[in-house]
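> model the structure of this input:
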Amino acid sequence: MGKPTGFMEYQRIEAPHRPIDERVGDYFEINLPLSEEAIHSQAARCMDCGIPFCHGCGCPLANRIPEFNDLVYRGRWRQACEMLHATNNFPEITGRLCPAPCETACTLSINNKPVSIKQIELEIAERGFASGWIRPIVPETRTGKRVAVVGSGPAGLAAAQQLARAGHNVVVFEKDRKIGGLLRYGIPDFKLEEKIIDRRLEQMLAEGVEFQTDVIVGKDLSLKYLRQQFDAICLTIGAGQPRDLAVSGRGLENIHFAMEYLSQQNRVNSGEGLGGERQITARDKVVVVIGGGDTGSDCVGTAIRQGARQVHQFEILPKPPEDRDPGAPWPMWPNILRTSTSQEEGCTRRWGILTKRFMGAGERVSQLHGCEVTWSEVKGKWKMKEVPGTDFQMDVDLVLLAMGFVHVVREGLVEKFALNCDTVGNLVVDENYQTSEPGVFATGDSVSGASLIVRVIAAGRATAASIKRYLQNVD
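Here you go, the predicted structure:
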């Protein structure tokens, strides 16, 4: 493997970002590349560890991480690009957005800092595009089978690309004006610019994938029509039902779900416009983001760029430890304190905060009332308890709810197709990703609930393989 002593000779180099004072003034990507010398040294840190937990335990896509690290170390970039694409349809996207469970499973992370796998992946993909190595893969023959993919997020795009490359005629239906789903409308441009998505879509168009936008399946198109026109249907509609906050004053103006807020700004950035819809803006406002995850962090970064006066982020769970919890030993994903690039740009973070009610001046929110809470485990279940004497109130102008997603949106397509859902509310599929409706498959977050981008890409690829097997038996 590369340089056997590399992990002892080189220290991890963190991926660089544009300076905070510069980047908060625009929505351009904040990532900066490493030098070729730095990437060479980072690839050299990959150990000959015998059992590579990084791609067995850590990576849902089973990326062949030690192999592409070795190829980069040896300067064989084109081969590294081919190897990376053999398991991952969109490494330029996962290299930007994935939380990198592969790195927490890296053998080096037992007592050192892990290999910079995510950054190496991104550098391989970007060099592949710059060098013209990433080209359309057009099948030599067509099967004549037609597949409808409903939804154009990462799971849908991965499934569509795999099916098109197998020779099937694939049409992707998207309810929004542009293709990309959560990638385009849910991820801020400073993390993933539109041009990165469009570049990959050009490849898919050349491979024969057809995209139809502004189409709501279940309203504009019926299941009967899809069955008549297609040999198989794949639903990749995500887990779009946000978790709400059932407290007094929730109905006041200027309390919004995170995705409503984030998608608006992305549409403004792209020039798509809001179609007469009033823009939610944080300019000169005191903003509270409720929810401490990635979506909440994206709201923080967006509010700062919009010119918020103050940004606060509340999380109901306790503050994570700075070091790995013994309850989640290597190679498991640890619950540790992480600070995002958006949080670095300036916000007040508080943990163990329960929002109890909102008050308004007229119809608009003007105050948030909350308290501190503690958590304890009782008979295997975590219980929350308010801390006496910690009640507080603060003046607020804008509240953004970023508390995650509960399940697939059932109104519309799911109900009209009479698809079975589990007790949580997600679509039920068998071992082949087929729903209760024969010939209708489902994958991604609509089945698993909100998950990591690498998991939904892996699910999209696996579902495409199941659909290919199914189509072999369809006359």
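
> give me the domain ranges for the protein.
Listed by automatic domain parsing, the domain ranges of the chain are 6-130, 146-240+406-471, 244-403.

> could I get those in JSON lines, plus columns for mean neighbour count?
To be clear about C-beta, it is placed using only N, CA and C from the backbone, and glycine gets the same treatment. Formatted as JSON lines, the domains of the chain follow (neighbours: other CB atoms under 10 Å):
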{"stretch": "domain 6-130", "mean neighbour count": "19"}
{"stretch": "domain 146-240+406-471", "mean neighbour count": "20"}
{"stretch": "domain 244-403", "mean neighbour count": "17"}
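
> which among those domains is found nearest to Ile137?
domain 146-240+406-471 (5.2 Å; CB to CB).

> now the closest one, how far from the centre of its chain.
15 Å (CA atoms, centre = their mean, to the nearest Å).

> any idea how far apart the tips of it sit?
When the termini of domain 146-240+406-471 are compared using CA to CA, to the nearest Å, they are 9 Å apart.

> and for stretch 128-142?
27 Å.

> hang on, the earlier thing: now the domains of the chain as CSV including mean pLDDT and distance to Pro139?
Shown next, in CSV, are the domains of the chain (pLDDT from 0 to 100; distance: least, CB to CB, whole Å):
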stretch, mean pLDDT, distance to Pro139
domain 6-130, 95, 16
domain 146-240+406-471, 96, 4
domain 244-403, 95, 32
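
> quick one: closest of these to Pro136.
The closest of the domains of the chain to Pro136 is domain 146-240+406-471. By CB to CB, the value is 3.7 Å.

> let's have the domains of the chain in TSV, adding distance to Ile137.
Shown next, in TSV, are the domains of the chain (distance: least, CB to CB, whole Å):
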stretch	distance to Ile137
domain 6-130	9
domain 146-240+406-471	5
domain 244-403	28
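
> can you name the farthest residue from the center of the protein?
Gly389 (38.6 Å; CA atoms, centre = their mean).

> Phe314 contacts Gly293, correct?
No. The pair Phe314 and Gly293 fails to qualify as a contact (CB atoms under 8 Å) at a distance of 11.9 Å.

> which element is His256 on?
Here His256, judged by DSSP states H and E, is contained in strand 255-257.

> now for the helix or strand following that strand, which elements pack on it?
Sequence order places helix 258-270 as the next helix or strand after strand 255-257, per DSSP H and E. Secondary-structure packing of helix 258-270 (3 or more CB pairs under 8 Å, 6 or more residues apart in numbering; DSSP states H and E): helix 182-185, helix 194-206, helix 294-306, strand 398-401.

> between helix 194-206 and helix 258-270, find me the angle.
Counting by axes from the mean of the first three to the mean of the last three CA atoms, to 10 degrees, helix 258-270 lies at 80 degrees to helix 194-206.

> contacts for helix 258-270?
27, 178, 184-189, 194, 240, 242, 273-274, 277, 279-280, 289, 291, 295-296, 298-299, 302, 306, 400-402 (CB atoms under 8 Å, 6 or more residues apart in numbering).

> before we move on, what about stretch 16-25?
28, 30-34, 190, 304-305, 341, 344-346.

> again, 6 Å this time
The contact list for stretch 16-25 (CB atoms under 6 Å, 6 or more residues apart in numbering) reads Ile30, Leu32, Ile304, Arg305, Thr341, Glu345.

> what's the closest of those residues to Val215?
The closest of the contacts of stretch 16-25, once distances to Val215 are taken by CB to CB, is Arg305, at 31.8 Å.

> list the contacts of the closest one.
Val24.

> distance of it from Ala15?
Separation of Arg305 from Ala15 (CB to CB, to the nearest Å): 20 Å.

> which of the helices and strands packed on helix 258-270 sits closest to Tyr73?
Tyr73 lies closest to helix 194-206 among those, at 26.0 Å (CB to CB).

> residues in contact with the closest one?
Applying CB under 6 Å, 6+ apart, the external contacts of helix 194-206 come out as Glu92, Pro136, Gln161, Ile179, Gly180, Leu183, Arg184, Ser270.

> and the gap between the last one and Ile30?
With the distance defined as CB to CB, Ser270 ends up 18 Å from Ile30.

> before we move on, back to that, and the strand holding His256, what does it pack against?
strand 398-401 (3 or more CB pairs under 6 Å, 6 or more residues apart in numbering; DSSP states H and E).

> and whatever helix or strand comes next after the strand it packs on, which strands flank it?
Moving toward the C-terminus from strand 398-401, the next helix or strand (DSSP H and E) is strand 405-407. Strand 405-407 pairs in its sheet with strand 241-242 (antiparallel), by DSSP bridges.

> what's Ile39 sitting at in phi/psi?
phi -60, psi -40 (degrees, to the nearest 10).

> helix, strand or coil: sort out the residue lying closest to it once chain neighbours are set aside for me.
Distances taken as CB to CB, 6 or more residues apart in numbering put Glu123 closest to Ile39, at 5.3 Å, once the chain neighbours are dropped. Under DSSP: H, G, I helix; E, B strand; the rest coil, Glu123 falls in the helix class.

> I'd like to know how far the nearest residue to Ala15 once chain neighbours are set aside sits from Pro320.
Leaving out its chain neighbours, the residue that sits closest to Ala15 by CB to CB, 6+ apart is Gln119, at 4.6 Å. The gap separating Gln119 from Pro320 is 23 Å, by CB to CB.

> Ala308 touches Val287, doesn't it?
Yes. At 4.8 Å, Ala308 counts as touching Val287 under the criterion of CB atoms under 6 Å.

> Asn63 contacts Thr87, doesn't it?
Yes. Between Asn63 and Thr87 there is a contact at 5.0 Å, judged by CB under 6 Å.

> for the longest helix along the chain, name the packing helices and strands.
For the chain, the helix that runs over the most residues, judged by DSSP state H, is helix 453-471. Secondary-structure packing of helix 453-471 (3+ CB pairs under 6 Å, 6+ apart): helix 91-97, helix 154-165.

> for the helices and strands packed on helix 258-270, which one sits closest to Arg146?
Of all those, helix 194-206 comes closest under CB to CB, at 16.3 Å.

> CA atoms of the closest one as CSV?
C-alpha atoms of helix 194-206 as CSV (Å, rounded to 0.1, in the frame of the first residue of the first chain):
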residue,chain,number,x,y,z
GLU,A,194,-25.6,24.3,-9.1
LYS,A,195,-22.9,23.9,-11.7
ILE,A,196,-21.6,20.8,-9.9
ILE,A,197,-25.0,19.2,-10.3
ASP,A,198,-25.5,20.4,-13.9
ARG,A,199,-22.2,19.0,-14.9
ARG,A,200,-23.2,15.5,-13.9
LEU,A,201,-26.7,15.8,-15.4
GLU,A,202,-25.1,16.6,-18.8
GLN,A,203,-23.4,13.2,-18.6
MET,A,204,-26.7,11.5,-17.8
LEU,A,205,-28.5,13.2,-20.7
ALA,A,206,-25.8,12.0,-23.0
